[in-house]
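Asks: take a look and give me a structure for this.
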Amino acid sequence: IGQLSHEGARKQTVRNANELRGRMIHLLPVIDALDDALWALERRTPELLASIKPLLQKACDWLESTADGPQVEQWQQLHRDLQSLQPDSAQLDDRDQLLLSNTLFRLGEWIDLWLDCRTLQYAIKTDDQSQWRAVYRHWRLGRLTPFLDRGLMLYSVTSTVLAIIAASVLWILLGWKDGASAVALAAVSCSFFAAMDDPAPQIYRFFFWTLLSVVFASLYLFVVLPNLHDFPMLVLAFAVPFICVGTLTVQPRFFLGTLLTIVNTSSFISIQSAYDADFMNFLNSNLAGPAGLLFAFIWTLVFRPFGVELAVKRLTRFSWRDI
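Replies: Numbers count the residues shown, from 1 in each chain. Next comes the predicted model:
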């Protein structure tokens with residue numbers, strides 16, 4: 001929905017999409033509340049439940065008919081039937097009647113919500129730009145803010161900053177001329193995967209494919225390229241493997257590995273106008289990246305060993321607190 005306005009959707013369509021999302025979020029809680037009310041009514045006063053069964057059947061029939069459109073006339077008739085069955089204020093002193101009133105209220109809430117969902121869907125489907133009017137209103141519909149676990153965020157940031165400091169200290173103490181690349185990739189990997197519940201497996205994949213790129217680049221640089229003497233042969237040498245890898249890149253399960261391989265291999269080869277490759281310089285400069293990623297992987301295993309379990313426990317605790 002956040003991208004709709006960038007893809008040519010008009011303002012009313014974007015507003016309708018946001019309204020529909022808010023109401024779809026409310027669907028399950030409203031249905032659950034109606035189910036609880038019906039269960040309580042059946043348990044305490046089954047005779048009152050029997051009195052509203054024709055209305056429930058009408059609501060089910062209307063639900064099925066909305067596959068062809070909102071069916072506003074049937075919705076209006078359902079509301080009239082609801083009002084005719086609603087106990088008056090004097091009757092609400094009786095607990096059974098109170099349960100009936102609650103059930104009818106929940107049913108009315110559900111049919112209003114479902115009508116909104118269907119009218120919004122119809123408006124989006126037909127690209128209707130007229131002002132949409134809601135029948136279901138709730139104070140939380142406009143508060144669709146994402147949940148943020150600030151404690152876990154702070155811990156992730158702190159561990160990432162400490163990893164960068166530790167990698168920089170090691171680089172300085174070792175006096176490694178090309179160690180800056182190791183620090184840079186350690187910082188990138190720790191930051192890039194910091195939001196994940198368990199970043200270590202992804203960092204390891206990053207390390208594995210980067211190391212593989214060093215192997216491929218060394219084969220090209222010291223075995224293939226010395227035997228090439230013109231541009232057409234250079235194109236042919238790169239075409240077959242790069243086209244195959246590029247084809248796999250568009251598939252989600254191969255995306256990360258193939259993308260890292262194709263980008264890093266090209267970067268490590270670093271083709272110049274004249275062939276001038278030194279094996280020791282190549283190893284010194286290009287092994288810095290995998291070394292930094294290996295450091296990030298070990299650091300993550302040490303400082304974030306809890307994986308998904310901690311995030312699940314915290315999310316459960318926050319959910320109960322919110323309820």
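
Asks: what segments of this structure are helices?
Replies: In the chain, the helices defined using DSSP state H lie at 11-44, 46-51, 53-65, 72-85, 95-126, 150-174, 179-192, 200-219, 231-249, 255-269, 279-286, 288-303, 307-322.

Asks: burial of Leu27, as a residue count?
Replies: For Leu27, the neighbour count with other CB atoms under 10 Å is 13. Any C-beta I mention is one placed from the backbone N, CA and C, and that applies to glycine too.

Asks: nearest residue to it in space, please, no chain neighbours.
Replies: Spatially, and ignoring its direct neighbours in sequence, Leu27 is nearest to Leu113 (6.5 Å; CB to CB, 6 or more residues apart in numbering).

Asks: what is the neighbour count of that neighbour?
Replies: Leu113 has 21 nearby residues by other CB under 10 Å.

Asks: also Ala217?
Replies: A count of neighbours around Ala217, defined by other CB under 10 Å, yields 20.

Asks: returning to what we had before: Serialize the helices of the chain to CSV and add fields for distance to Leu225 and mean pLDDT.
Replies: Below are these laid out as CSV (distance: least, CB to CB, whole Å; pLDDT from 0 to 100):
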stretch, distance to Leu225, mean pLDDT
helix 11-44, 52, 91
helix 46-51, 82, 90
helix 53-65, 68, 93
helix 72-85, 72, 90
helix 95-126, 55, 92
helix 150-174, 30, 91
helix 179-192, 22, 89
helix 200-219, 10, 87
helix 231-249, 8, 84
helix 255-269, 8, 79
helix 279-286, 12, 76
helix 288-303, 21, 90
helix 307-322, 43, 87
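
Asks: for the ones you listed, which one sits closest to Leu4?
Replies: Nearest to Leu4, of all these, is helix 11-44, at 4.9 Å by CB to CB.

Asks: now for that closest one, which elements pack on it?
Replies: helix 46-51, helix 95-126 (3 or more CB pairs under 8 Å, 6 or more residues apart in numbering; DSSP states H and E).

Asks: most tightly surrounded among those helices?
Replies: helix 95-126 (a mean of 19; mean count of other CB atoms under 10 Å).

Asks: surely the residue nearest to Leu27 is in contact with Gly22?
Replies: No. If you go by CB atoms under 8 Å, Leu113 and Gly22 don't touch, sitting 10.3 Å apart.

Asks: now the helices and strands packed on helix 11-44 as TSV including distance to Val224?
Replies: Output for those, formatted as TSV (distance: least, CB to CB, whole Å):
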stretch	distance to Val224
helix 46-51	79
helix 95-126	54
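
Asks: Leu27 and Glu109, how far apart?
Replies: 11 Å (CB to CB, to the nearest Å).

Asks: same question for Gln83.
Replies: For Gln83, the distance to Glu109 - CB to CB - is 14 Å.

Asks: one more: Gln3?
Replies: The gap separating Gln3 from Glu109 is 32 Å, by CB to CB.

Asks: give the contact list for the residue nearest to Leu27.
Replies: Residues in contact with Leu113 (CB atoms under 8 Å, 6 or more residues apart in numbering) are 23, 26-27, 30, 136.

Asks: hmm, which two among those residues are most spread apart?
Replies: Leu27 and Tyr136 (10.4 Å).

Asks: run a quick neighbour tally on Pro201.
Replies: Around Pro201 there are 13 residues (other CB under 10 Å).

Asks: that one and Arg304, how far apart?
Replies: Computed as CB to CB, the Pro201 to Arg304 distance reads 11 Å.

Asks: ditto for Asp197
Replies: Taking CB to CB as the measure, Asp197 falls 9 Å from Arg304.

Asks: more neighbours: which of the two?
Replies: It is Arg304, of Asp197 and Arg304, that has more neighbours when counted by other CB under 10 Å, with 22 against 14.

Asks: quick check, Ser191 in contact with Thr160.
Replies: Yes. Here Ser191 reaches Thr160: they are 5.6 Å apart, a contact under CB under 8 Å.

Asks: give me the more crowded residue out of those two.
Replies: Shown here are Ser191 and Thr160; by other CB under 10 Å, Thr160 has more neighbours (24 against 17).

Asks: how about stretch 291-307: buried residues?
Replies: 291-297, 299-300, 303-304 (16 or more other CB atoms under 10 Å).

Asks: take stretch 48-56, keep the C-alpha atoms, and write them as PDB.
Replies: Output of stretch 48-56 as PDB, limited to C-alpha atoms (Å, rounded to 0.1, in the frame of the first residue of the first chain):
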ATOM      1  CA  LEU A  48     -33.400 -16.700  23.000                       C
ATOM      2  CA  LEU A  49     -30.800 -18.000  20.500                       C
ATOM      3  CA  ALA A  50     -33.500 -19.900  18.700                       C
ATOM      4  CA  SER A  51     -35.500 -16.600  18.400                       C
ATOM      5  CA  ILE A  52     -32.600 -15.000  16.400                       C
ATOM      6  CA  LYS A  53     -31.700 -18.000  14.300                       C
ATOM      7  CA  PRO A  54     -33.800 -16.700  11.300                       C
ATOM      8  CA  LEU A  55     -31.800 -13.500  11.500                       C
ATOM      9  CA  LEU A  56     -28.500 -15.400  11.600                       C
END
